[in-house]
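Visitor: structure, please.
(3 chains)
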Amino acid sequence: MRLSNQSLQQYRRLWWFASRGLAAAALVLLITAILTAPSGLQNLFNGLAVGSVYAIFALGYTLIFSILRIINFTHGAIFTLGAYFTYFLTGASVGFNGLLANQRLPFGLPFPIAMIGGGLLAGLCGILIERVAFRPLRNKGADPLLTLVSSLGVAVAIVNVIQLLVGAEIYSYPRNPFGEMPAALNLGTFGGLSQRPVVIRTIQVIIFAVSMATVVLLTYFVNGTKIGKALRAVAEDATTSSLLGINTNFLISLTFFISGLIGGIAGTLVGLSVNVSGPYFGINFGLKGLAVIVLGGLGDIPGAVVGGLVIGVAEAFVPSEHVAYKEAIAFAVLFLVLLLRPQGLLGRAAVQKV
Amino acid sequence: MEGFLSTYGSAIVQMALAGVLALSLYLPLMAGQLSLASPGFYAVGGYVAALLSTRVFTGFPNGSYPILLIALEMVVAGGVSALFALIIGIPSLRLRGVYLALATIAFVEVLRVFALNQPWLGGAVGIYNIPQPFFSATRVEYLLLALPLLLVSTLFVARLERSRIGRAFVALREDELAASAMGIRPTYYKVLAFTIGAVLAGMTGALNAHILNTWNPRQGTFDLAILILAYVLVGGSRTFLGPVIGGAFLVALPEIILREVADAPGLHPAIATFLRDGRLILFGVLIAVSVFFFPYGLVTPNLFKRRRKTNVPRLEAAKAAPKVSRG
Amino acid sequence: MSGVSLPKRLMVFALVALLALAPSVLLVQAAEEPIVIGVAVAQTSNVALFGQEQVIGAQIAEEFFNERGGINGRPFRLAFADTGGDEAGAINAFQTLINRENVVGILGPTLSQHAFAADPIADQAGVPVIAPSNTARGIPQIGRFIFRVSAPVSLVAPSAVKQALKMNPDIKRVAVFYAQNDAFSVSETGTFQQTVKDLGLELLDVQTFQTTDTDFTTQITNVLPLEPQLVIISGLAADSGNLVRQLRELGYKGMIVGGNGLNTTNIFPVCQALCDGILVAQAYSYQYDSEINNAFREIYKAKQGKEPPQFSAQAFTGIQVFVEALSRLDKRKPLKDMDLVTLRAELRDEIMNGKYDTPLGPISFVETTKDDGTPAGGEIVQERFYVAQIKMDPDGKTGRFVFLD
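Guide: Numbering: from 1, shown residues only, chains lettered A, B, ... in the order given. As a prediction, the model looks like this:
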C-alpha cells in the first residue's frame, strides 16, 4: 500500500467525489421515494417522531462522550430516574409494590414544574454518579474502559433500587399535562401520489421540538459561551487545562449535571408519550442510543440528532410486510455506515498519527 | 458438600462457561480489538447444537444422548462460528475502539432478529427438548464437559500468549504501526484472534444449549456482551487468568456468594431480607467498587510484584478517535 | 454473685429455666414443622411486572389457606427463589428450592421459555411443578411432573371475536397486530387469525411488533388507510396498552379485541380513557361469583386497592391445588410417614386425580403424552372462559372489566 504522493492525492480526490456522489444519489432516491410512495410523507413524519425520541435520549449521552471520551452506561438509568422523579413531584402516589408502597409526597407540583424539578433531580443524580463511579477512577489514572464497567455496575444498582422501592409496575402521567390539546394533529391530505391524510401525535411533535431546541441550546452552550470553551479545553486536554487554571472537576460535574438534566426531562417527555414501563424504561433505549451516537459521530452534538433521525426514518421506511426485520435493518444500516464512514455521519476523520 | 453441589450445580457449570466466554472476548482484546461479537457466535453455536441434536442425531432415549455427539456438535458449532467470524471480521476489523464494538453489536442484533423471524429456529419460543446425556436433576455432571472445555481453552490461550502469534497480538495492541513496520500483518493477526475467540464462543453456546435444555433468540444479546466485557475487565485484561477468574467470580457473586451470605445463620432478619431482595443492587455496587480497588483487574501479570502505575499502557481500544487509514 | 439479691437470683433462675425449656417447646413444634412449597418466579429483571403479581397471589394463598387450617391442621410455608430474567437463573432457582429448601412442589416459572429450561430439572428430580402462567405449546409435555393452571389460549380467543361480531354484525374488515418476540402472543395470534378466516372475515393486514417497542405509529399508519372495522391485538400489557392508545389517538374508531395479555388492570394507566370498549378474552374474571373467588378478591382488594389480575389469580390457584392435593393425600396416607421422595411422587398423582374449585372456576387436569407416546404432565381442563369489555370511568384513571355472555 505504498502510494506515491501524487496518486495518493488522486485517490483522495476520487474518493471525495465518489462519496459525495453516492450520498447525493441516495438523497435524491430518498426524496423521490418519500414523495411518490403512497404513505411516504406519513412514514417520514413517523420516522422523525421516533427518531426524535432516539435523539433526545442520545443528547445527554453524547455530551458526556464529547467531553470525557467515555460511554456512560448510567444514562439510561438517569433517564428512568427523571421520569420517576417527575411522577412523584406531581404528587402522585407509589403503586402497591415495593417498600414505598402507597406513599406520596405531601405536595403536588403542576406538571411542567414537576418535569423541570425531575430534570434537576436527575441532574443531581448525574453529579452524584460522577463522584462515585467516574471521578475515583479518573483520579487514579485508570483505563477509561473501566468506567464502562463501573457505570454498568451503578446502572444495575439504580434499576434494582427503583424496583425495590417502587416495584415494577407501569406508571403514567395525567392526560394533557400542558393544557387541553388534541391527541393528534391531522396535517391534511397532500397532493401528488400521497393521497392519504397525514396524522401525527401531538406529544411526538413536542418531543421533536424539544430535541431541536435542546440541540441548538447545547451547541450554542458548547461553542458560544465561555464555559463551553473551557469545556472544550477540558475535552482536548484535561491536564493542561487544569494547569491553565480551569477547574476541571467542576466542569466535569457540570457536564454530568447538564447531561442528567437533559436525560431527566427527556425521560419525562418520552414517558408522556409511551408511559413509564418500569425500572428498565430507560435502559431499554440504551442500545439504540449507543447506535445513534456512534452513527452521528461520537461526541458530536448535532450528530446525535442526525443519527437519531436517520435511524428513525430508516426504520419507518421498512415495508410493512417486513416490519419484523425493522430492528435488524437499523443495525444493518449502522454496520454499513460504519464500514463506509467509520467516523460516523458528522464526525471528522482523525488523521492517523505517523 | 453434596447438598452444595446439587443446589449450585448449574451455577458452577455456568461459572466455567463464563470463563470460556470471557476468553473469547479477551483474545481479540489481546490484539487491541474491542469486539463484542462473542454473544453472536455463542448464539450461533447454541442453534447449531440445538438443530443437530433435535433434528439430525435423533432416536436416543432421554438421558442417554452420547457425550461424543455433544463433542461433535461443539466442533461443528466452532466451525460454523469460525466461518461467520471470517465473513464479519475481515471487513469490520479495520474499525477501532467503540466503532468496532458497535459494529460487532450490530452483528449480534441482526442475528437475534433473524432468529426471531425464522420458523425453523422456533421463533420466539426457540428450540426446546434438547436431549440430555445425563440422567440427573442437577446439572453438575456437565462439569465433565464444561471443565475440559475451560481447561483446554485456558491452556490454549496460555500457550498462545507465550507463542510468536501471541506476541504479535500484543505488539498490535501496543502499537499497530510499529508492529506492521516489523512485518506483522495486522489484518491477518486481528482476524486470527477474532476467529479463535469466535470458535470458543460457538463451542460454549453448543454446550449450553444442552445444559439449558432449550435455545431461543434471548440467548446471546447485547446484555450478555456487556456482562462478558465486565468479566474480562473485572478479572483483568492483561493475562489469560484474568478473564477466567472474572467470569467465574461474577457468575458466582449473585447466584452463589450473595445467596449464601443472605442465608448465613445469625444474621439480623432485616439484613438477610435486604441481602435477598437487594442481591442485584449489591451486585452492581460490588462491580463498581471492584474496578475502583482493582483497576487492573483481580489478576494481573505481575500479581506478586509491586508495579508502577505509569508503566501500565492504557488500552488502545478505549481511545475514542477512530484512526482511519486511507492510503 | 454475693451482691445479687434474692429476687434477682430468682429471676435469673427463671430465665435460665425458660431458656432450657424453650428448645423442648420447639421440639414439639418440630413434629409439626411446616410443609414447604416453592415459588420460583421472576422477582427481578424486566419480567418482574408479572412476577410481582404472582408473588402477591401466592402470598395471599399462603395466608388464606393457613388461616383455614393449612394441610389438615399442619401449616405450610412458601419458599421464594428469584428466577431473574434468564434461563440459567430459572434453573438455579429450581435447584435451590429442590435441594436447599426441600420443597414438596414448585409454582413457576413466569415465562414459557424459562419453563423449557427449568422444568426438566424438577421433572428429573421428581418434584411436581405447577406453571401459573406458561401458555406455550408443549409445557405439560416436558415431563410427568409438570402441570399448568394457565389455559392455552386456543380455547379463549375465538369467543372474543364472536362477541365483537355479535355487537356489530357489519364487521368485515379485520387487521391483526401481535408481539412477535413473545411466545404466548405468537401462538394466540395464530388462533385469532384462524378464527377470522373461519368466520369468513377479510384479514386486511398482519402487523408485528416487539414487547419492548413503545412506538407503533408506523404499524398503525400502515393499517389505518385499509379502513379496518376490527383490530385484534396479541401482546403484553405495556405494549398493547400503548398500541391501543396510539391507535385511538391516530384516529381509529372501530372495535378492538385484545388477547389474554390485555386481561389486566395494568393497562388502565397506559391507555387510560382510550382503553374504553376493548373486548378482552379472559381465562380469569374477578367477577366470577363463587365462594373462593369472592374471598380471594376481597383479600386482594384490601391489600392492593384494585381488582385482582389474572396472574395473581393463577398463582393463587396453583398454591390452592398444591394445598388441596396435599390435604387429600394426608388423609389417605399421613404425610409425616413418608420420606420426601415418596411424598413428591404421591403428590404428583394426587394433583392429577383431583378436582379443584378455584378462583378460575372448577378445574381439573388431563394427562398428556409426549410425542413418543410416553405419559407426560397435566394439562388444565378449565370450564369457564370469559369475554369482558373494558369500561373506563370518566376520569380515565380507574375502570373495570364488564363481564359479557
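
Visitor: rest of the way, CA atoms for contacts and neighbours
Guide: Will do.

Visitor: tell me the contacts of residue 272?
Guide: Picking chain A for this. Applying C-alpha atoms under 8 Å, 6 or more residues apart in numbering or on different chains, we find A:Leu272 in contact with A:172-173, A:203.

Visitor: sorry, should have said chain B
Guide: By C-alpha under 8 Å, 6+ apart, the residues touching B:Ala272 are B:262-263.

Visitor: list the buried residues of the helix or strand harbouring it.
Guide: Remark: B:Ala272 resides in helix B:269-277, with elements defined by DSSP states H and E. Going by neighbour count (16 or more other C-alpha atoms under 10 Å in any protein chain shown), the buried part of helix B:269-277 is B:272, B:275-277.

Visitor: and the average pLDDT for it is what?
Guide: Averaged across helix B:269-277, the pLDDT comes to 86.

Visitor: ok, stretch A:130-144 next?
Guide: Throughout stretch A:130-144, pLDDT has a mean value of 89.

Visitor: what parts of the stretch 1-150 of chain B come near chain C?
Guide: By the rule C-alpha under 8 Å from any C-alpha of the partner chain, the part of the stretch 1-150 of chain B lying against chain C is B:3, B:6-11, B:14, B:116, B:123-126, B:128-129, B:135-138.

Visitor: quick check: C:Pro362 is in a strand.
Guide: Yes. C:Pro362 sits within a strand when classified using DSSP: H, G, I helix; E, B strand; the rest coil.

Visitor: what's the closest of the contacts of A:Leu272 to chain C?
Guide: A:Ser172 (5.7 Å; C-alpha to the nearest C-alpha).

Visitor: quick one, what contacts the residue nearest to the closest one when sequence neighbours are not counted?
Guide: Spatially, and ignoring its direct neighbours in sequence, A:Ser172 is nearest to A:Asn275 (4.9 Å; C-alpha to C-alpha, 6 or more residues apart in numbering or on different chains). Taking C-alpha under 8 Å, 6+ apart, we find A:Asn275 in contact with A:170-173, C:242, C:270.

Visitor: same deal with B:Leu17?
Guide: B:146, B:150, B:204.

Visitor: mind checking how far A:Cys324 is from chain C?
Guide: To be clear, residue A:324 is Ala; Cys isn't right here. To chain C, A:Ala324 is 6 Å away according to C-alpha to the nearest C-alpha, to the nearest Å.

Visitor: for the nearest residue to that residue once chain neighbours are set aside, pull up the helix or strand it's in.
Guide: Leaving aside its sequence neighbours, A:Ala324 sits nearest to C:Thr208 (C-alpha to C-alpha, 6+ apart; 5.9 Å). Assessed by DSSP H and E, C:Thr208 sits inside strand C:202-209.

Visitor: dump stretch C:317-330 to CSV, keeping only the CA atoms.
Guide: C-alpha atoms of stretch C:317-330 as CSV (Å, rounded to 0.1, in the frame of the first residue of the first chain):
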residue,chain,number,x,y,z
THR,C,317,-54.9,-21.2,42.1
GLY,C,318,-51.5,-23.0,41.8
ILE,C,319,-50.9,-22.9,45.5
GLN,C,320,-54.5,-23.9,46.2
VAL,C,321,-54.0,-27.0,44.0
PHE,C,322,-50.9,-27.9,46.0
VAL,C,323,-52.7,-27.4,49.3
GLU,C,324,-55.8,-29.4,48.5
ALA,C,325,-53.9,-32.2,46.9
LEU,C,326,-51.6,-32.4,49.9
SER,C,327,-54.6,-32.4,52.3
ARG,C,328,-56.3,-35.2,50.4
LEU,C,329,-53.1,-37.2,50.3
ASP,C,330,-52.5,-36.7,54.0
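
Visitor: among the contacts of B:Leu17, who's most crowded?
Guide: The most crowded member of those, judged by other C-alpha atoms under 10 Å in any protein chain shown, is B:Thr204 (30 neighbours).

Visitor: tell me who's in contact with C:Ile130.
Guide: By C-alpha under 8 Å, 6+ apart, the residues touching C:Ile130 are C:105-108, C:146-149, C:318.

Visitor: check A:Thr147 too.
Guide: Contacts of A:Thr147 by C-alpha under 8 Å, 6+ apart are A:70-72, A:133-134, A:137.

Visitor: what's the following helix or strand after the strand or helix carrying it?
Guide: Element membership for A:Thr147, per DSSP H and E: helix A:145-166. Using DSSP H and E, the helix or strand that follows helix A:145-166 in sequence is strand A:184-189.

Visitor: what ranges does chain C have for its helices?
Guide: For chain C, applying DSSP state H gives helices covering C:6-31, C:48-67, C:87-95, C:112-125, C:157-167, C:183-198, C:217-223, C:237-249, C:268-271, C:291-304, C:310-332, C:340-353.

Visitor: I'd like those helices as a markdown table, with distance to chain B, mean neighbour count and mean pLDDT appended.
Guide: Listed next are the helices of chain C as a markdown table, based on distance: least, C-alpha to the nearest C-alpha, whole Å; neighbours: other C-alpha atoms under 10 Å in any protein chain shown; pLDDT from 0 to 100:
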| stretch | distance to chain B | mean neighbour count | mean pLDDT |
| --- | --- | --- | --- |
| helix C:6-31 | 17 | 11 | 47 |
| helix C:48-67 | 12 | 22 | 95 |
| helix C:87-95 | 5 | 28 | 95 |
| helix C:112-125 | 5 | 25 | 94 |
| helix C:157-167 | 20 | 20 | 90 |
| helix C:183-198 | 5 | 20 | 90 |
| helix C:217-223 | 17 | 22 | 89 |
| helix C:237-249 | 16 | 25 | 93 |
| helix C:268-271 | 25 | 26 | 90 |
| helix C:291-304 | 20 | 16 | 95 |
| helix C:310-332 | 20 | 24 | 96 |
| helix C:340-353 | 13 | 19 | 96 |
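
Visitor: any chance of those in TSV, with distance to B:Val44 too?
Guide: Conversion of the helices of chain C to TSV gives the following (distance: least, C-alpha to C-alpha, whole Å):
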stretch	distance to B:Val44
helix C:6-31	52
helix C:48-67	28
helix C:87-95	17
helix C:112-125	18
helix C:157-167	35
helix C:183-198	20
helix C:217-223	30
helix C:237-249	29
helix C:268-271	37
helix C:291-304	45
helix C:310-332	34
helix C:340-353	38
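
Visitor: can you tell me the closest non-neighbouring residue to C:Gly254?
Guide: That would be C:Gln229: by C-alpha to C-alpha, 6+ apart, it lies 4.9 Å from C:Gly254.

Visitor: mind checking how far that neighbour is from chain B?
Guide: According to C-alpha to the nearest C-alpha, C:Gln229 stands 28 Å off from chain B.

Visitor: closest residue of chain A to chain C?
Guide: Residue nearest to chain C within chain A: A:Ala168 (4.9 Å; C-alpha to the nearest C-alpha).

Visitor: didn't B:Leu253 look like it was pressed against B:Gly284?
Guide: No. Using C-alpha atoms under 8 Å, B:Leu253 makes no contact with B:Gly284, being 10.3 Å away.

Visitor: the two: which is more packed in?
Guide: Counted by other C-alpha under 10 Å, B:Leu253 and B:Gly284 do not tie: B:Gly284 has more neighbours, with 24 against 18.

Visitor: now that one: how far from chain C?
Guide: Look at B:Gly284 and chain C: by C-alpha to the nearest C-alpha, they are 13 Å apart.

Visitor: which helix or which strand is home to that residue?
Guide: helix B:279-293.

Visitor: next, count neighbours for the closest residue to C:Ser150 other than its chain neighbours.
Guide: Closest residue to C:Ser150 apart from its sequence neighbours, by C-alpha to C-alpha, 6+ apart: C:Ser133 at 5.2 Å. If you count neighbours by other C-alpha under 10 Å, C:Ser133 ends up with 29.

Visitor: can you check C:Asp215 too?
Guide: With other C-alpha under 10 Å as criterion, C:Asp215 counts 20.

Visitor: is it true that it touches A:Gly312?
Guide: No. Using C-alpha under 8 Å, C:Asp215 makes no contact with A:Gly312, being 10.7 Å away.

Visitor: what residues do these two have in common as contacts?
Guide: A:Val50.
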